[in-house]
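Enquirer: No letters, just coordinates:
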């Protein structure tokens, strides 16, 4: 598995510092998973915001990374890392595009986190970091688990007591597929679908 320092060293210095809330342990998990996806593979990230985790996925693979977000929301305040690089009153999509411009394999799609047509091939990995409350988490997991290829991975962020709906839906997804729920990293959850 790629270490955090190795993952950071693979990224252009000028754009390493993307705001976000991801724990470094979870970025390490992402880097390792991304590195295992074949060049012709597909990773889908749902809830990209400024692109912190998008960069961790895309910088560690040559596979396509589809980044999905409405890019209409900004927090009232942001106290995470690199806070001086985000304009909370600015256009979220414009900022995402600037932060990820060095990643040629990122394809942003501005849309809802679930529902509607999906005219793309099944994904090797779908990572969900959108709404963390019921009923939205259940809708996202139910929609996206059908878009993952056999043997692929559906995973997400914020597997924590403060987000009980995330924990519940992650466990339910694993149970539906008859596989164990994996929780590597800090707040990362993962279900490897049967092959």
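Expert: Okay, I see it. Keep in mind the model is a prediction, meaning the values are calculated, not measured.
Enquirer: model confidence over the longest helix out of those in the chain, on average?
Expert: Assignment by DSSP state H gives helix 164-177 as the longest helix of the chain. Mean per-residue pLDDT for helix 164-177: 98.
Enquirer: Stretch 85-105 now?
Expert: Stretch 85-105 comes out at a mean pLDDT of 94.
Enquirer: That stretch: how far from the chain's middle?
Expert: 16 Å (C-alpha atoms, centre = their mean, to the nearest Å).
Enquirer: Stretch 146-159 now?
Expert: Distance, centroid of stretch 146-159 to centroid of chain: 10 Å (C-alpha atoms, centre = their mean).
Enquirer: do stretch 184-192 as well
Expert: 12 Å.
Enquirer: Can you spell out which helices and strands pack onto the longest helix of the chain?
Expert: With contacts taken as 3 or more C-beta pairs under 8 Å, 6 or more residues apart in numbering; DSSP states H and E, helix 164-177 sits against helix 136-144, strand 148-156, strand 189-192. In this view, the C-beta of every residue, glycine as well, is placed from N, C-alpha and C.
Enquirer: Of all the residues in that helix, which ones are buried?
Expert: 165-167, 169-170, 172-174, 177 (16 or more other C-beta atoms under 10 Å).
Enquirer: The helices and strands packed on helix 164-177 into CSV, with extra columns for distance to residue 67?
Expert: As requested, the helices and strands packed on helix 164-177 are exported to CSV (distance: least, C-beta to C-beta, whole Å):
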stretch, distance to residue 67
helix 136-144, 14
strand 148-156, 15
strand 189-192, 19
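Enquirer: Any idea which of these gets closest to residue 122?
Expert: strand 148-156 (3.7 Å; C-beta to C-beta).
Enquirer: any idea which element residue 120 lies in?
Expert: For residue 120, there is no enclosing helix or strand under DSSP states H and E.
Enquirer: Test for you: state the pLDDT assigned to residue 17.
Expert: 84.
Enquirer: And residue 44, by the same measure?
Expert: Note on residue 44: pLDDT of 98.
Enquirer: Count the neighbours of it for me.
Expert: 25 (other C-beta atoms under 10 Å).
Enquirer: Quickly list what residue 155 is bridged to.
Expert: Per DSSP bridges, the residues bridged to residue 155 are residue 127, residue 190.
Enquirer: mind listing what it touches?
Expert: 33, 125-128, 188-191 (C-beta atoms under 8 Å, 6 or more residues apart in numbering).
Enquirer: ok, 10 Å please
Expert: Contacts for residue 155 were tallied using C-beta atoms under 10 Å, 6 or more residues apart in numbering; they are 26, 29-30, 33, 125-129, 144, 148, 170, 173, 182-185, 188-192.
Enquirer: Just the buried ones among those, please.
Expert: 26, 29-30, 33, 125-129, 144, 148, 170, 173, 182, 185, 188-192.
Enquirer: Sweet, I'm off.
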